[in-house]
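> give me a model of this one.
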Amino acid sequence: MKSSGTITNSDPMSRSHLKPGQKVGLLTLNRIVGVKTKERRRKYKSRRSAETKIHISKEFINVWECKCECGNTCTRTEYTLLQDNIHSCGCYRRSVCTINAAKAYKAKAKLLESGNGRGTSLLSKKPPVNNSSGIQGVVWHKKSKKWRAYINHKRKHIELGSYERFKDAVAVREEAVAAVIAGNFEEWYAEFQKNKRLGGGSKEGGGVRGVAWIKKTKKWEANIQYKGKKKYLGTFEGFDDAVSVRKKAVEAQIAGNFEEWYAEYQKNRKPVKEVSVGRGVWWSAKTKEWRTYIYHKIKRVELGGYENFDDAVSVMQRALEAIKAGNFEEWITEFREKE
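Next up is the predicted model:
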């Protein structure tokens with residue numbers, strides 16, 4: 001069974017413990033703008049029937065319009081205003097949070113300058129318990145078998161890249177923390193992303209995006225992604241040559257003329273060099289003669305077989321001169337007609 005009791009809603013001011021014009025914390029009370037109803041339920045046992053009953057009562061709470069010292073206007077219930085807290089429109093809490101954050105950043109900056117801190121965390125000296133590297137913001141990625149660096153900034157998880165060497169990942173993380181403390185993280189990160197696209201790193205571990213060591217050919221291969229497709233930039237003996245070509249490709253991509261640059265690059269991708277002994281010339285044990293060939297526009301062009309090695313080299317030199325002059329198609333047509 002249920003029974004109910006109601007407290008009548010009389011004049012709000014007659015129930016109020018506060019008065020207009022009264023100051024509570026940073027708020028000054030103006031007037032009552034409304035009444036909130038709060039229902040209370042209490043269980044009790046009846047003495048006659050020994051049954052459990054529920055007593056329902058209503059409580060009316062005044063809602064005050066308040067003006068804060070900062071100039072904002074807000075509403076607060078009388079129940080909240082009577083609590084022993086510092087009352088404001090919310091500006092007090094925001095100012096306290098800002099002051100505490102500034103204190104934390106200054107303390108971390110002093111720690112970095114003194115050399116006692118490694119710059120691995122903005123607010124704590126110790127890394128999390130589940131961190132296996134010992135450095136906060138640096139983790140080992142099992143799938144790629146590389147060290148990954150990251151940082152949390154403005155409630156966002158920002159990746160700082162993957163690195164072959166542990167010290168490279170730690171160095172990038174420390175630079176990011178220093179930029180956050182200095183207050184110029186956005187500018188630093190934009191420059192970091194640009195340098196990352198252009199390529200950076202060391203020959204020791206590669207470390208350059210789009211440049212990889214090919215074990216089979218024992219050369220450095222460069223490539224770039226353009227419109228969802230992988231564009232091949234060639235293989236190089238030197239690491240610096242591969243990085244240089246990759247940088248030029250990224251610069252053309254940023255400038256918006258990558259297609260024109262790539263067409264011109266493909267045209268002149270294989271630089272013509274003076275023929276060396278044995279280059280494009282080989283001995284065929286089957287036909288027992290010196291065979292010669294040349295690559296033109298990524299296609300292998302056979303130049304025939306010769307009994308004398310010097311004759312094969314001579315034909316190769318003439319083919320190279322024709323490529324240099326830009327009339328290789330006419331030369332090879334005439335060459336085959338004579339044969």
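> so what's V138 up against?
120, 147-149, 166, 169-170, 173 (C-beta atoms under 8 Å, 6 or more residues apart in numbering). (Each C-beta comes from the backbone N, C-alpha and C, glycine too.)
> can you show me the CA trace of the longest strand along the chain as CSV?
Longest among the strand segments of the chain by residue count, using DSSP state E, is strand 27-45. Only the C-alpha atoms of strand 27-45 are listed here, as CSV (Å, rounded to 0.1, in the frame of the first residue of the first chain):
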residue,chain,number,x,y,z
LEU,A,27,27.4,35.7,-7.0
THR,A,28,24.9,38.5,-6.1
LEU,A,29,21.3,37.3,-5.8
ASN,A,30,18.8,39.2,-7.9
ARG,A,31,15.4,37.5,-7.7
ILE,A,32,13.6,34.1,-7.7
VAL,A,33,12.8,33.1,-11.3
GLY,A,34,11.2,29.7,-10.6
VAL,A,35,10.6,26.7,-8.3
LYS,A,36,11.8,23.2,-8.7
THR,A,37,9.8,20.3,-7.3
LYS,A,38,11.7,17.4,-5.6
GLU,A,39,9.9,14.2,-4.6
ARG,A,40,11.0,12.3,-1.6
ARG,A,41,10.1,8.7,-0.8
ARG,A,42,10.4,7.0,2.6
LYS,A,43,9.6,3.4,3.6
TYR,A,44,8.0,2.7,6.9
LYS,A,45,6.1,-0.2,8.6
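> report all helices and strands that the longest helix along the chain contacts.
In the chain, with assignment by DSSP state H, the single longest helix is helix 91-114. Applying 3 or more C-beta pairs under 8 Å, 6 or more residues apart in numbering; DSSP states H and E, we find helix 91-114 packed against helix 166-182.
> list the buried residues of the helix it packs on.
168-170, 172-181 (16 or more other C-beta atoms under 10 Å).
> coming back round to it: can you name the two of the contacts of V138 that sit furthest apart?
Spatial extent of the contacts of V138 (C-beta to C-beta) is set by the pair T120 and R148 at 14.1 Å.
> mean confidence score for the helix or strand harbouring K67?
If you go by DSSP states H and E, K67 is part of strand 52-68. On average, the pLDDT along strand 52-68 is 83.
> okay, angle between that strand and strand 27-45 too, please.
Here strand 52-68 runs at 180 degrees with respect to strand 27-45, directions being taken by axes from the mean of the first three to the mean of the last three C-alpha atoms, to 10 degrees.
> distance from strand 52-68 to the middle of the chain?
Chain-centre distance of strand 52-68: 50 Å, with C-alpha atoms, centre = their mean, to the nearest Å.
> next SSE downstream of it?
Once the chain leaves strand 52-68, the next helix or strand it forms, by DSSP H and E, is strand 73-77.
> sec struct for K216, please.
Secondary structure, DSSP: H, G, I helix; E, B strand; the rest coil: K216 is coil.
> could I get the contacts of V138 as JSON lines with pLDDT and distance to N257?
What follows is the contacts of V138, written out as JSON lines (pLDDT from 0 to 100; distance: C-beta to C-beta, whole Å):
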{"residue": "T120", "pLDDT": "41", "distance to N257": "42"}
{"residue": "W147", "pLDDT": "87", "distance to N257": "36"}
{"residue": "R148", "pLDDT": "88", "distance to N257": "34"}
{"residue": "A149", "pLDDT": "89", "distance to N257": "33"}
{"residue": "F166", "pLDDT": "85", "distance to N257": "39"}
{"residue": "A169", "pLDDT": "86", "distance to N257": "35"}
{"residue": "V170", "pLDDT": "86", "distance to N257": "38"}
{"residue": "R173", "pLDDT": "88", "distance to N257": "36"}
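> quick check: end-to-end length of stretch 46-56?
One end of stretch 46-56 sits 15 Å from the other (C-alpha to C-alpha, to the nearest Å).
> quick one: I181 and Y105 touch, right?
Yes - with contact defined as C-beta atoms under 8 Å, I181 counts as touching Y105 (5.4 Å).
> ok so, going back, what lines up beside the strand holding K67 in the sheet?
Here strand 52-68 has these sheet partners by DSSP bridges: strand 2-4 (parallel), strand 27-45 (antiparallel), strand 73-77 (antiparallel).
> which parts of that strand are buried?
Here strand 52-68 shows 61-66, 68 as buried, counting by 16+ other C-beta under 10 Å.
> between all of these, which two are separated the most?
The largest distance within the buried residues of strand 52-68, taken as C-beta to C-beta, falls between I61 and C68 and amounts to 20.8 Å.
> looking at it, F239 is touching W220, isn't it?
Yes - counting by C-beta under 8 Å, F239 touches W220, with 5.2 Å between them.
> now the common contact residues for the two.
V211.
> for whichever helix or strand comes after the longest helix of the chain, C-alpha coordinates in CSV please.
Following helix 91-114 in sequence order, the next helix or strand is strand 138-141 (DSSP H and E). Below are the C-alpha coordinates for strand 138-141, written out as CSV (Å, rounded to 0.1, in the frame of the first residue of the first chain):
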residue,chain,number,x,y,z
VAL,A,138,57.8,5.7,-26.7
VAL,A,139,56.6,2.1,-27.3
TRP,A,140,57.8,-1.0,-29.2
HIS,A,141,55.5,-2.0,-32.1
